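In: structure of the sequence below:
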Amino acid sequence: MTIRFDGRVAIVTGAGNGLGRAHALGLASRGAKVVVNDFGGARDGTGGSLTPAEAVVEEIRKAGGIAMADGADVSNFSQVKAMVERATREWGSVDLLVANAGILRDKSFSKMEVQDFAKVLDVHLVGTFYCCKAVWDGMRERNYGRIVLTTSSSGLFGNFGQANYGAAKAGIVGLMNVLAAEGRKNNIRVNTISPTAATRMTEELLPPQALELMRPEAITPAVEYMLSEDAPTRTIMGAGAGSFAVIKIVETEGINLPPSEWTPDAIAAHFNEIADMSTARALEGAFEQTQKYVGHAAKRAGVKL
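Out: Residues are numbered from 1 along each chain as shown. Just a heads-up that it's a prediction; the model follows:
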């Protein structure tokens, strides 16, 4: 099976460099018409120029593809809406979205300024929401959409000095969970990539020999798969240096305690059993957790539900 995107229109944000550039080039090479979005700012989000996006569009066109450059700031909803309207007016639809744009303002929590926390959330989390919101109604009307969001191991597992970035990236997983549920009836599939690659965001953190293994192009196949006709939904894929994995948020089966043991001391006494990962599984939705807990309690009380 060869995955193609002929006739599909894609928006890739943050596509002037690094991962976004690789995604835009990859999608165009497989037939998609691509909106190459990049605000063109520095790594911390300052400045701005359309030049990086235009350079990627030129690469696509020279290779025989179709693309347009767009400088919308993803943290500005009016600009994002205008970008989607422009693509729809020009090409008829927006079928695929890769929400990739991001900035870094790393500092230890004690030194982090409030505005640096807010700005990173504004670009990563709020900006991702804006992009999804702007394409959502059109995807629903056409009963087709594929969306890939971008999380990070910093949000999923933690990383020193990235309270702002980690919080935003963890929030994106929550957004995916809800959008995947709401999009099912209209054939909108929403997934998330957790990439590690040699980009402007990582170039100072890794030695040259590691960076050589971590080319952005190694991430794009996972993104393309999650944008395909037969994509899963509500899946987090890790990718980097040619390795691919699925990441799950799981919950142990846990135990039910009688009211006489609703104490911190009882939890301490039973903690090993509560935390037994051999019973862990991924839940399909928030209410499944409620059903599980109530089921345990009903069984203890001898109540039929």
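In: any idea how far Gly92 lies from Thr263?
Out: When C-beta to C-beta, to the nearest Å is the yardstick, Gly92 and Thr263 sit 62 Å from each other. Just so you know, the C-beta spots here come from the backbone N, C-alpha and C atoms, and that holds for glycine as well.
In: and if you look at Ala218?
Out: With distances defined as C-beta to C-beta, the gap from Ala218 to Thr263 amounts to 51 Å.
In: please enumerate the helices of the stretch 1-150 of the chain.
Out: Using DSSP state H, counting those that start in this stretch, the helices of the stretch 1-150 of the chain run over residues 18-29, 51-62, 77-91, 114-121, 127-142.
In: buried residues, the third one. List them.
Out: Across helix 77-91, burial judged by 16 or more other C-beta atoms under 10 Å covers Phe77, Gln79, Val80, Lys81, Met83, Val84, Ala87, Trp91.
In: alpha carbons only: can I get stretch 247-262 in PDB?
Out: Output of stretch 247-262 as PDB, limited to C-alpha atoms (Å, rounded to 0.1, in the frame of the first residue of the first chain):
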ATOM      1  CA  ILE A 247       2.700   6.000  24.000                       C
ATOM      2  CA  LYS A 248      -0.200   5.300  26.300                       C
ATOM      3  CA  ILE A 249      -1.500   6.900  29.500                       C
ATOM      4  CA  VAL A 250      -2.600   4.000  31.700                       C
ATOM      5  CA  GLU A 251      -4.300   3.500  35.000                       C
ATOM      6  CA  THR A 252      -3.800   0.600  37.400                       C
ATOM      7  CA  GLU A 253      -6.800  -1.500  38.300                       C
ATOM      8  CA  GLY A 254      -6.500  -0.200  41.900                       C
ATOM      9  CA  ILE A 255      -8.400  -1.400  44.900                       C
ATOM     10  CA  ASN A 256     -11.600  -0.500  46.700                       C
ATOM     11  CA  LEU A 257     -11.500   0.300  50.400                       C
ATOM     12  CA  PRO A 258     -14.400   0.200  52.800                       C
ATOM     13  CA  PRO A 259     -15.400   3.500  54.400                       C
ATOM     14  CA  SER A 260     -13.600   2.500  57.600                       C
ATOM     15  CA  GLU A 261     -10.400   2.600  55.700                       C
ATOM     16  CA  TRP A 262     -10.900   5.900  53.800                       C
END
